[in-house]
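K.L.:
I would like the atomic coordinates for the input below:
(one chain, ligands or ions: 1)
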Amino acid sequence: MRQVGAIGTERFRRTLAWHIARRPGGLVALAIQYGHMRTAVSAGYAARSRDGIHDLLDIETARATADTIAALHEDLSEGAGISGPAARRAIHAAAQAQFTGSIRSARQARAILRNSSLAVHDNPHAYLMCVYNRDKALCHRLGTGDAPTLDRCVPSCANIARTDRHTAQLTAQAENLEEQAASQMVPHPLADRLL
Ligand code: SF4
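P.N.:
Model (predicted):
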């Protein structure tokens, strides 16, 4: 629903936290959640603000996680299939969807973010969900800290799960690339890269 009225400091901070936590694809949210970018993005702002923005970031990050789990729960309830090496752990997380509840306080948010069994992150750019387990994460070999690096997701990682929706999107994207590669308008070297 579109909000009207003046944009005060409090409303601006909530909006900023929402955008940091959810775009693009939760990448920044994850970095903030685990600390790499919290200082860079928010410390200067927080230092000038009376209460800081960290609590709001935790709340919005936890809400993004809860939304992912709730959507997964809904998909599974409607009979969607799920596959991938982390499918079982994703199903377990979805079964706890009701426990994420309505997140209103930073304390509630941090309890969710600390719960490793709820660490399910949507990765729409790679058409998958990352069911994060540090010991299995292949993106750590690319030099990251204790957080999944969704923009460097490794297709063979054991933390990957896909619902039917992800699989359909992936198939559509593959067909789209094949169509582009088959086009007479596309130079051969580029067509070879698309295949
Ligand atoms: S490589 Fe694994 S841990 Fe890293 S983002 Fe992809 S699925 Fe998650």
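K.L.:
separation between Leu72 and Glu78?
P.N.:
Distance check for Leu72 against Glu78: by C-beta to C-beta, to the nearest Å, it reads 11 Å. (C-beta placed from N, C-alpha, C; glycine too.)
K.L.:
give the buried residues for stretch 116-135.
P.N.:
Neighbour-count burial for stretch 116-135, with 16 or more other C-beta atoms under 10 Å as criterion, is recorded at 118-123, 126-133.
K.L.:
from one end of that stretch to the other, what's the distance?
P.N.:
Stretch 116-135 has an end-to-end distance of 12 Å (criterion: C-alpha to C-alpha, to the nearest Å).
K.L.:
which residues outside it are in contact with it?
P.N.:
Contact partners of stretch 116-135, identified using C-beta atoms under 8 Å, 6 or more residues apart in numbering, comprise 24-26, 30, 65, 68-69, 71-72, 84, 86, 89-90, 92-94, 96, 100, 112, 140, 146, 148, 150-151, 153, 155, 157-163, 166-167, 169-170, 173.
K.L.:
who's more crowded, Leu72 and Glu78?
P.N.:
When Leu72 and Glu78 are compared on other C-beta atoms under 10 Å, the one with more neighbours turns out to be Leu72, at 25 against 8.
K.L.:
out of everything not next to it in sequence, what's closest to that one?
P.N.:
Closest residue in space to Leu72, ignoring its immediate chain neighbours: Ala94 at 4.5 Å, by C-beta to C-beta, 6 or more residues apart in numbering.
K.L.:
OK, contacts around Pro85?
P.N.:
Pro85 makes contact with Cys157, Ala158, Asn159, Ile160, Ala161, according to C-beta under 8 Å, 6+ apart.
K.L.:
try it again with 10 Å
P.N.:
Under the criterion of C-beta atoms under 10 Å, 6 or more residues apart in numbering, the neighbours of Pro85 are Val131, Lys136, Ser156, Cys157, Ala158, Asn159, Ile160, Ala161.
K.L.:
shouldn't Gln108 be in contact with Ile59?
P.N.:
Yes - counting by C-beta atoms under 10 Å, Gln108 does reach Ile59; the two are 7.9 Å apart.
K.L.:
run a quick neighbour tally on the residue nearest to Leu72.
P.N.:
By other C-beta under 10 Å, 23 other residues sit near Ala94.
K.L.:
in this structure it contacts Ala86, no?
P.N.:
No - between Ala94 and Ala86 no contact is recorded; they are 11.9 Å apart, counting by C-beta under 10 Å.
K.L.:
list residues touching both of the two?
P.N.:
In terms of C-beta under 10 Å, 6+ apart, Ala94 and Ala86 are both contacted by the residues Val120, Ala161.
K.L.:
also near the ligand: which of the contacts of stretch 116-135, exactly?
P.N.:
Among the contacts of stretch 116-135, the residues lying close to the ligand (C-beta under 6 Å from any ligand atom) are Pro148, Leu150, Cys153, Cys157, Asn159, Ile160.
K.L.:
just the ones of those residues in helices?
P.N.:
By the criterion of DSSP state H, membership of those in helices covers no residue at all.
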